[in-house]
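Student: Build me a model:
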Amino acid sequence: MTSSFSAGRFWLTVMLPFGVGYFVTLIFRTVNAVLAHPLQTDLGINNAQLGLISAMFMLGTAAAQLPLGVLLDMWGARRTQALFFCAGAAGIFLFGIASDATLLAIGRAILGVGVAGGLMAAFKAIADRVDPDDIPFYNGIIMACGGLGVLAASVPAKLFEVEFGWRALCIALAVLTLLTALLIVASGRDKAPAKSQASGFAAQLEGLKMVYSSRDFWSVAPLLGIANGGFIAIQGLWAGPWLQHVEGRDPIHAAHYLFIIGVATTVSMLAGGPLARLSRRIDIPLSTIAAICIAIHIGVQILIVTGIAEGTTVIWIAYGFFGQVVLVYYAVIAQRFGAALAGRAVTAANVLVFFYAFVAQTVFGLILHLWPQSDSHPELGYRIAFATLIVVEVIAFAAFVVQALAGRRGERAADKSA
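Tutor: Numbering: from 1, shown residues only. Prediction:
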């Protein structure tokens, strides 16, 4: 942390407002898991429409990432985040008053753009203020705030929806988003950019080009995109219908399981700092430790899809915990590119995450929609859709391992020649 910026002031003006911002962001990302049932019953939305409507949030977020990264490094995290959140409030308000699938999709897309910087702005604000070795710890705190948003989007959101209706829930969230924007912009000022950062829009784009042409970026970003994007697709929408239609739970009971997944997710988000310290202590790269956790998560998903551990609370806890560990790759990327490029580097990775989440969420719904309605085992469609995402993740993981092994062999060869 910079010497001119006290610890207390840092927590009050950076961690608190940006933590609230990510809390709100994660509510929006996951709340459709409990809104799926009322949307389908109230507006007659089918599975294909539901998947596309929800996924438009991911597409909007992905589309906003590159301009977001440039703005974060040019304007700073506060002004950028506050402006985007105002757009997000408009998006959820439109969603709340929508009467057909088209307006619902447009509202979700605008909302996705509006909260696109929920995590990235926080990462940028932290990278501007703390030493690189401390980034994973503070990033983990912010992500834990997001985990609380996942919890709020489960049982509390469901109870509010049952009592007041899904439209009232959306309006309340719009008000919360505007208040959060006000908190962020009023809580302090951004750190002045370095002279190398203040050289104009063209220079910012050149920095983005450097990120996308870097082998360091491509060594971890694809696995991050597919592993995290697939998890977002399931947790943010299809976990709720899965619990109801495959495991036979009623909507309230399913919301309780979403809450359990959210608790596990929150704990996992706090694991970034300890994992980074463990990495330094045992001299194993943080990216390798995260890859091991992804391998465990793949195994957990296979147990869920095959029905071997179906209905057990422990397996869903493991699903939520290991599904989020991959987020430490954001810290790895920020460390590799430094504060000057941190905004563009993490948002460049986020493009991959949310574009894949859009594809995964849409394809899942399309498979369900195309599954024969007369089939005596409709849950088989859910299993095939989920298994499809697992296969893609396994391919990405295998490619990561092959690339890592090739890199190590190259390093050994270079050492011998030296």
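Student: my read: R129 touches V14, true?
Tutor: Yes: shown here, R129 and V14 form a contact pair, counting by C-beta atoms under 8 Å, at 6.2 Å. C-beta: built from backbone N, CA, C; applies to glycine.
Student: Name the SS class of I284, please.
Tutor: coil (DSSP: H, G, I helix; E, B strand; the rest coil).
Student: Can you tell me the element K209 falls in?
Tutor: helix 201-212 (DSSP states H and E).
Student: CA atoms of that helix as CSV?
Tutor: Taking Å, rounded to 0.1, in the frame of the first residue of the first chain, the C-alpha atoms of helix 201-212 are listed here in CSV:
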residue,chain,number,x,y,z
PHE,A,201,-6.6,7.0,-26.2
ALA,A,202,-4.3,5.7,-28.9
ALA,A,203,-1.7,4.8,-26.3
GLN,A,204,-4.3,3.0,-24.2
LEU,A,205,-5.3,0.9,-27.3
GLU,A,206,-1.6,0.1,-27.8
GLY,A,207,-1.4,-1.2,-24.3
LEU,A,208,-4.4,-3.4,-24.9
LYS,A,209,-2.7,-4.8,-28.0
MET,A,210,0.3,-5.6,-25.9
VAL,A,211,-1.9,-7.6,-23.5
TYR,A,212,-3.6,-9.6,-26.3
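Student: looking only at pLDDT, what's the mean for that helix?
Tutor: When pLDDT is averaged along helix 201-212, the result is 79.
Student: right, and the helix or strand after that helix?
Tutor: That would be, after helix 201-212 and using DSSP H and E, helix 215-233.
Student: Just give me how far that next one sits from the chain centre.
Tutor: 11 Å (C-alpha atoms, centre = their mean, to the nearest Å).
Student: Now it: buried residues?
Tutor: By neighbour count on 16 or more other C-beta atoms under 10 Å, the buried set for helix 215-233 is 217, 219-233.
Student: Wait, G230 touches E393, no?
Tutor: Yes: the pair G230 / E393 is scored as a contact, 5.6 Å apart, by C-beta under 8 Å.
Student: my guess is A291 contacts A399, does it?
Tutor: No: contact status for A291 versus A399: not in contact, 11.4 Å apart, counting by C-beta under 8 Å.
Student: so what sits against both of the two?
Tutor: L223 (C-beta atoms under 8 Å, 6 or more residues apart in numbering).
Student: The two - which one has more neighbours?
Tutor: Neighbour tally, A291 and A399, criterion other C-beta atoms under 10 Å: the higher count belongs to A291, 20 against 13.
Student: If we ignore the residues flanking it in sequence, what's nearest the more buried one?
Tutor: Spatially, and ignoring its direct neighbours in sequence, A291 is nearest to F400 (6.2 Å; C-beta to C-beta, 6 or more residues apart in numbering).
Student: Okay, helices next: where are they in the stretch 51-200 of the chain?
Tutor: Under the criterion DSSP state H, counting those that start in this stretch, helices of the stretch 51-200 of the chain are mapped to 77-97, 101-114, 120-127, 135-152, 155-164, 166-186.
Student: Can I get the second one in PDB, CA atoms only?
Tutor: In this case it means helix 101-114. Listed next in PDB are the C-alpha coordinates belonging to helix 101-114 (Å, rounded to 0.1, in the frame of the first residue of the first chain):
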ATOM      1  CA  ALA A 101     -39.000 -11.700 -24.200                       C
ATOM      2  CA  THR A 102     -37.500  -9.000 -26.400                       C
ATOM      3  CA  LEU A 103     -37.700  -6.300 -23.700                       C
ATOM      4  CA  LEU A 104     -36.400  -8.700 -21.100                       C
ATOM      5  CA  ALA A 105     -33.400  -9.500 -23.300                       C
ATOM      6  CA  ILE A 106     -32.700  -5.800 -24.000                       C
ATOM      7  CA  GLY A 107     -32.900  -5.000 -20.300                       C
ATOM      8  CA  ARG A 108     -30.600  -7.800 -19.400                       C
ATOM      9  CA  ALA A 109     -28.100  -6.700 -22.000                       C
ATOM     10  CA  ILE A 110     -28.100  -3.100 -20.700                       C
ATOM     11  CA  LEU A 111     -27.700  -4.400 -17.200                       C
ATOM     12  CA  GLY A 112     -24.700  -6.500 -18.300                       C
ATOM     13  CA  VAL A 113     -23.000  -3.500 -19.700                       C
ATOM     14  CA  GLY A 114     -23.900  -1.400 -16.600                       C
END
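Student: Residues contacting that helix, please?
Tutor: In contact with helix 101-114 (C-beta under 8 Å, 6+ apart) are residues 28, 39, 43, 45, 49, 52-54, 56-64, 84-98, 177, 354.
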